[in-house]
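Enquirer: the following comprises the amino acid sequence and a computationally predicted model.
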Amino acid sequence: MNTTYNIPVWKKYTLSIEEAAAYFRIGEHKLRNLINENKNADYLLWNGNRVQIKREKFEKFVDSLEAI
């Protein structure tokens, strides 16, 4: 049995780069640059070489910035 879950992006614990770009209205290129500059940030979760962005922690990070 193949079950598909459609979880709203605002309820997800982690987001892909594409989902985070849409949710935060930040370009994918900018997000990739942030990830490359902060590979050990607490808002990142690595699954091998694939990165997921922890939504709530990234929200707090963005809230602390004046410009991005």
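Expert: Nice, thanks for sending it over. Numbering: from 1, shown residues only.
Enquirer: need the helices for this structure, in chain order.
Expert: Chain-ordered helices for the chain, with DSSP state H as the definition, fall at 17-24, 28-37, 55-63.
Enquirer: can you tell me which of these is most buried?
Expert: Comparing the helices of the chain by mean neighbour count (mean count of other CB atoms under 10 Å), helix 17-24 comes out on top with a mean of 16. (Glycine included, C-beta is placed from N, CA and C.)
Enquirer: is the residue positioned nearest the centre of the chain in a bridge, and if so with what?
Expert: Among the residues of the chain, the smallest C-alpha distance to the mean C-alpha position (CA atoms, centre = their mean) belongs to Ile53, namely 2.8 Å. Partner residues in beta bridges with Ile53: Leu15, Leu44, with DSSP bridges as the criterion.
Enquirer: where in this structure is pLDDT low?
Expert: 1-3 (pLDDT under 70).
Enquirer: quick check: closest non-adjacent residue to Glu56.
Expert: Distance criterion CB to CB, 6 or more residues apart in numbering; nearest residue to Glu56, sequence neighbours excluded, is Tyr13 at 7.9 Å.
Enquirer: just the CA coordinates for stretch 57-68, please, in CSV.
Expert: Only the C-alpha atoms of stretch 57-68 are listed here, as CSV (Å, rounded to 0.1, in the frame of the first residue of the first chain):
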residue,chain,number,x,y,z
LYS,A,57,15.1,27.4,13.8
PHE,A,58,15.6,29.0,10.4
GLU,A,59,12.7,31.3,11.2
LYS,A,60,14.5,32.5,14.4
PHE,A,61,17.7,32.9,12.4
VAL,A,62,15.9,35.1,9.8
ASP,A,63,14.2,37.1,12.6
SER,A,64,17.6,38.0,14.0
LEU,A,65,18.7,39.5,10.6
GLU,A,66,18.2,43.0,9.4
ALA,A,67,19.0,42.1,5.8
ILE,A,68,19.5,38.9,3.9
